[in-house]
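Novice: Model the structure of this input:
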Amino acid sequence: MSKTREQFPLSTKKVLKKTVTGTLVWVILLLIIYGVSAIFLISLAEAIGNYFGIVTFGILGTLFLIVVLTYLYQLWYYNVYFYDLTDDYIVIKKGPITPHEITIPYERIQDVYVDQDILDRIFGLYDVHLSSATISSGMAAHIDGVEKPAADGLRAVLLETISKRISRNRGQSIPQNNTTPSAQ
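Specialist: Purely as a prediction, here's the structure:
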């Protein structure tokens, strides 16, 4: 864990939100399978017997297994999620199985903004996005799953650091001419 993540922590609600979003598609798919199976089994109940209870148990068991596995994966993802503000860069590392790391120099960051999607609103979470001129920055350069105080604090620190770096670099880029032109 980094000092930045300790100061501006991810919310544990992120795990719950990601579990819900990760299982939502499976729930819909399993409900469709259950509906089709129910229609099929009811129409053939006299010929093959009543297997409706077995199908119901199988669907519910599969759904339970998917929810548990998704929750464990999201908990693992939460625990390995890393972000830190160093002197020169912001570093974000995500992904437990196929880790992905993005490092952005402060000078390249063009905007820092905070947003929410619908599920973020429900869970009270915010995403802090860092945009730069690269295509991947919009997709990868964000810290998701922080609560309002952490999002606002992280945004303020980032904007202050970026402002200082840009001001310092502008001061260094102006050529200093210590010689005076001689009169001719």
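
Novice: any idea of the mean pLDDT for the helix or strand that L41 is a member of?
Specialist: Secondary structure assignment for L41, by DSSP states H and E: helix 13-43. Helix 13-43 shows a mean pLDDT of 86.

Novice: Pull out the buried positions in that helix.
Specialist: For helix 13-43, the neighbour count (16 or more other Cβ atoms under 10 Å) marks 13-20, 22-23, 30, 34, 37, 41 as buried. For every residue, glycine as well, the C-beta is placed using N, CA and C.

Novice: I'd like to know which elements that helix is packed against.
Specialist: If you count contacts as 3 or more Cβ pairs under 8 Å, 6 or more residues apart in numbering; DSSP states H and E, helix 13-43 packs onto helix 52-80, helix 118-123, strand 142-146.

Novice: Which elements pack onto whichever helix or strand comes after the first one?
Specialist: Elements were assigned by DSSP H and E; along the chain past helix 52-80, the next helix or strand is strand 82-85. Helices and strands in packing contact with strand 82-85 are listed as helix 3-7, strand 89-94, helix 148-173; criterion 3+ Cβ pairs under 8 Å, 6+ apart.

Novice: L130: what secondary structure?
Specialist: Judged by DSSP: H, G, I helix; E, B strand; the rest coil, the three-state class of L130 is strand.

Novice: residues in contact with it?
Specialist: By Cβ atoms under 8 Å, 6 or more residues apart in numbering, L130 lies in contact with 90, 104, 109, 111-112, 137, 141-142, 158.

Novice: about what we covered before: how far off strand 142-146 does the helix holding L41 point, in degrees?
Specialist: Counting by axes from the mean of the first three to the mean of the last three Cα atoms, to 10 degrees, helix 13-43 lies at 80 degrees to strand 142-146.

Novice: gap between helix 13-43 and the chain center?
Specialist: Distance of helix 13-43 from the chain centroid (Cα atoms, centre = their mean, to the nearest Å) equals 23 Å.

Novice: got it, and stretch 34-45?
Specialist: Mean-position distance between stretch 34-45 and its chain equals 40 Å (Cα atoms, centre = their mean).

Novice: if we can go back for a sec, so which of the helices and strands packed on helix 13-43 comes closest to T86?
Specialist: Closest of these to T86 is strand 142-146, at 14.7 Å (criterion: Cβ to Cβ).

Novice: what's that closest one packed up against?
Specialist: Applying 3+ Cβ pairs under 8 Å, 6+ apart, we find strand 142-146 packed against helix 13-43, strand 126-131.

Novice: avg pLDDT for the shortest one?
Specialist: Mean per-residue pLDDT for strand 126-131: 92.

Novice: could I get that strand in CSV with only the CA atoms?
Specialist: This file holds the C-alpha atoms of strand 126-131, laid out as CSV (Å, rounded to 0.1, in the frame of the first residue of the first chain):
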residue,chain,number,x,y,z
TYR,A,126,-16.4,8.4,-7.3
ASP,A,127,-13.8,7.9,-10.0
VAL,A,128,-10.8,10.3,-10.4
HIS,A,129,-9.8,10.5,-14.1
LEU,A,130,-6.5,11.8,-15.4
SER,A,131,-6.6,12.9,-19.0
